[in-house]
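Participant: After the sequence you'll find the predicted model.
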Amino acid sequence: MSASSMLAEHANRHGLELQRLETALEWQVSHWSGDMSDQDLKEWAAWLASHSGNQHAWHEVERLAGRLELVSPELGRESLKRPSSINRRQVLALLGLAGAGGMVARTGWVQRTIADCHCGPGEQRELSLPGGGELRVNTESAVNLYQGKIEVFPGSEIALDTRSASQSALFVEMAGLQWQAGKSHSVLRDYGDQLRVSLLAGEVALLSGHAGAPLIVHEGEEVLLSPGGLQRRPLDTAAVLAWTRGVLLADRMSMGDFLAELGRYRRGFLYCDDAVKDLIVSGAYPVNDTDFALQSLAQALPVEVHYRTPWLVHVSHAEKNLVAV
């Protein structure tokens, strides 16, 4: 049976109109591509609200996505833009096969979803390592654990404490770099175009895949690595560890950047108007209750939070209602 036939059978089995299911899948692929404009998001919300059949189809797509834990725009952007002979229709059918019981190729995003430890939006996990030490994995992050090695997937954030480990022969691979953890405590984040290594205790030597002297990172130091060069700066311990305490700590962060950070901890999409994207946000916000964080934001700043759907949240400038007296 062809992929398209299996998708049609899946729609029939779940009481869905095939065209609406295909449209919902189209929208999901667009979301994953990372190229959705504000206008696209509004059109998606309008399509979703226009018919109960659209909502039914979208709920099913969400369920399929949940089975594969395919909810990160970064993951979708990575896989959809990779050169491939698979066309868009085949991508849609492939997603449909996730619910139809078909085989899914081991592409980048699938590798990530079946990693030894994978956290979806808003999830965190803490693991005890075999040789001693603790590993904490943040939202939208994934790692593979091998004998004596931790492989950190692109776009991930982890905290690694090996000070209590019985052995020092634990290597970490992340963003093309490798280092021996030794007796150290570090927080690592891959931003895609930049890698941040924050060292709370100990000392590590970063080795690239090319010949050259190792980069030494010292206790109390933070190193930012990007194609543009290297930056060292003193470590802000409270800010670096905030996520491990379930807090998003904003220190004069722009509204646009703040929503991007908060959006890592919830399913769906947060976006704001240009009129408020440069507003300054400061404070401590809970990442385990992003709705409360958004309410707190509206209380602290002249903004309004609009829930277009449970998955689409829009922040705009507050409209002042003047009452004549």
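Facilitator: Thanks, I have the structure now. Keep in mind the model is a prediction, meaning the values are calculated, not measured.
Participant: can we go C-alpha only for contacts and neighbour counts from here?
Facilitator: Noted.
Participant: Show me the helices in the chain, by range?
Facilitator: In order along the chain, the chain carries the following helices (DSSP state H): 3-13, 18-33, 38-50, 52-68, 73-80, 88-100, 108-113, 237-241, 255-263, 290-300.
Participant: Pick out the shakiest of the ones you listed, pLDDT-wise.
Facilitator: Set side by side, the helices of the chain give their lowest mean pLDDT on helix 73-80, at a mean of 40.
Participant: Nearest spatial neighbour of the spatially most central residue of the chain, chain-adjacent residues omitted?
Facilitator: By Cα atoms, centre = their mean, the chain has its centre lying nearest to Glu140, at 3.7 Å. The spatial neighbour of Glu140 that comes closest, neighbours along the chain excluded (Cα to Cα, 6 or more residues apart in numbering), is Gly120 at 4.9 Å.
Participant: Against Asn138, how distant is that neighbour?
Facilitator: According to Cα to Cα, to the nearest Å, Gly120 and Asn138 sit 9 Å apart.
Participant: More neighbours: those two, which one.
Facilitator: Applying other Cα atoms under 10 Å to Gly120 and Asn138 shows that Asn138 carries more neighbours, namely 26 against 21.
Participant: where does that one fall, phi/psi-wise?
Facilitator: When read as degrees, to the nearest 10, the backbone of Asn138 gives phi -90, psi 180.
Participant: What is the neighbour count of the nearest residue to it once chain neighbours are set aside?
Facilitator: Nearest non-adjacent residue to Asn138, counting by Cα to Cα, 6+ apart: Gln124, 4.8 Å away. Residues lying near Gln124 (other Cα under 10 Å) number 21.
Participant: For Gln124, list the residues it contacts.
Facilitator: Arg136, Val137, Asn138, Thr139 (Cα atoms under 8 Å, 6 or more residues apart in numbering).
Participant: Could you do Gly202 as well?
Facilitator: Going by Cα under 8 Å, 6+ apart, the list of residues near Gly202 reads Gly182, Lys183, Ser184, His185, His218, Glu219.
Participant: can you pull out the strands in the stretch 151-300 of the chain?
Facilitator: Using DSSP state E, counting those that start in this stretch, the strands of the stretch 151-300 of the chain run over 157-161, 171-174, 177-180, 185-190, 195-201, 203-208, 215-218, 221-226, 229-234, 247-254, 269-272, 280-286.
Participant: circling back to that earlier point, test my guess that the residue nearest to the centre of the chain contacts Pro121.
Facilitator: Yes - if you go by Cα atoms under 8 Å, Glu140 and Pro121 touch, sitting 5.5 Å apart.
Participant: Where does the record place the domain boundaries for this protein?
Facilitator: 3-113, 119-240, 246-317 (automatic domain parsing).
Participant: how far does the longest one stretch from start to finish?
Facilitator: In other words, domain 119-240. Criterion Cα to Cα; first-to-last residue distance in domain 119-240 is 19 Å.
Participant: what does the last one give?
Facilitator: Taking Cα to Cα as the measure, domain 246-317 stretches 28 Å from start to finish.
Participant: now swap in stretch 274-284 and tell me
Facilitator: Start-to-end, stretch 274-284 (Cα to Cα) is 24 Å.
Participant: Now do it, average pLDDT.
Facilitator: 93.
Participant: Pull out the buried residues from it.
Facilitator: Across stretch 274-284, burial judged by 16 or more other Cα atoms under 10 Å covers Val276, Lys277, Leu279, Ile280, Val281, Ser282, Ala284.
Participant: pretty sure the second one contacts Met255?
Facilitator: Pointing back at Lys277 there. Yes - with contacts counted by Cα under 8 Å, Lys277 reaches Met255, the gap being 4.8 Å.
Participant: quick revisit: so which of the strands of the stretch 151-300 of the chain is nearest Thr309?
Facilitator: The closest of those to Thr309 is strand 269-272. By Cα to Cα, the value is 9.8 Å.
Participant: what's across from His118 in the sheet?
Facilitator: Ala142 (DSSP bridges).
Participant: Contact partners for it?
Facilitator: Arg112, Val137, Glu140, Ser141, Ala142, Val143.
Participant: Could you report the neighbour count for the second one?
Facilitator: In terms of burial, Val137 registers 25 neighbours under the definition other Cα under 10 Å.
Participant: swap in the last one?
Facilitator: Each residue near Val143 was counted by other Cα under 10 Å, and the total is 24.
Participant: and the gap between it and Ala205?
Facilitator: From Val143 to Ala205 the distance is 20 Å (Cα to Cα).
Participant: same deal with the fifth one?
Facilitator: Applying Cα to Cα, the value for Ala142 to Ala205 is 23 Å.
Participant: Show me which of these two is the more surrounded one.
Facilitator: The neighbour comparison of Ala142 against Ala205 (other Cα under 10 Å) goes to Ala142, with 25 against 17.
Participant: wait, isn't the more buried one in contact with Arg125?
Facilitator: No - the pair Ala142 / Arg125 is not scored as a contact, 10.1 Å apart, by Cα under 8 Å.
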